[in-house]
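In: Mind looking at a prediction? Sequence and model below.
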Amino acid sequence: MCKKEIVLCGSSAYTQKYYLNEEFASLPQGIKDELKIMCVLYTEDIGGTLTLVFDKQGSLRFQAAADEGDLLYDEIGSVLKIKQLQRTKQELLESLELYFKVFYLGIALEEEDLED
């Protein structure tokens, strides 16, 4: 089992930079592109920072944050945007969780999991 959280990727409106953890460099280019677009558009629309993190159980979580004095950060918009991304990118996010559980946590798949 994983002892701590592992960052998949993140974006910052403050530095105008995107980060992809090099441990995930083997992901297909299309998935890496989709993650980059998703994170950068979030920070362009909402502000602050967005980080996608795998927890100890292999669940992918969104972590949004803003500097304390950032008056342009849209806190309500952040919650709504994350819910929208979780809904519209559900298949991508579930695939990433499955990838992480198999290749990083070493969890064996059951046949029923493959049929879903």
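Out: On my side now, so go ahead.
In: Would you quantify the distance from the residue nearest to the spatial centre of the chain to Gly69?
Out: Geometric centre of the chain, nearest residue: Leu52, 2.8 Å, by C-alpha atoms, centre = their mean. Leu52 sits at a distance of 25 Å from Gly69 (criterion: C-beta to C-beta, to the nearest Å). C-beta here means a position set from N, CA and C on the backbone, and glycine is covered the same way.
In: swap in Tyr18?
Out: Relative to Gly69, and taking C-beta to C-beta, Tyr18 is found at 23 Å.
In: Of the two, which one has the most company?
Out: Taking neighbours as other C-beta atoms under 10 Å, Tyr18 and Gly69 compare with Tyr18 leading, 16 against 6.
In: what's the offset of stretch 10-30 from the middle of its chain?
Out: In terms of C-alpha atoms, centre = their mean, to the nearest Å, the centre of stretch 10-30 is found 10 Å from the chain centre.
In: If I look at the residue nearest to the centre of the chain, what pLDDT would I see?
Out: Among the per-residue scores, Leu52 shows a pLDDT of 98.
In: which element is it on?
Out: Leu52 belongs to strand 49-54 when elements are defined using DSSP states H and E.
In: Dump that strand to CSV, keeping only the CA atoms.
Out: In CSV, the C-alpha atoms belonging to strand 49-54 read as follows (Å, rounded to 0.1, in the frame of the first residue of the first chain):
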residue,chain,number,x,y,z
THR,A,49,-4.2,26.1,-8.0
LEU,A,50,-5.6,22.7,-8.8
THR,A,51,-3.8,19.4,-8.0
LEU,A,52,-5.0,15.9,-8.8
VAL,A,53,-3.8,13.5,-6.1
PHE,A,54,-4.1,9.8,-5.5
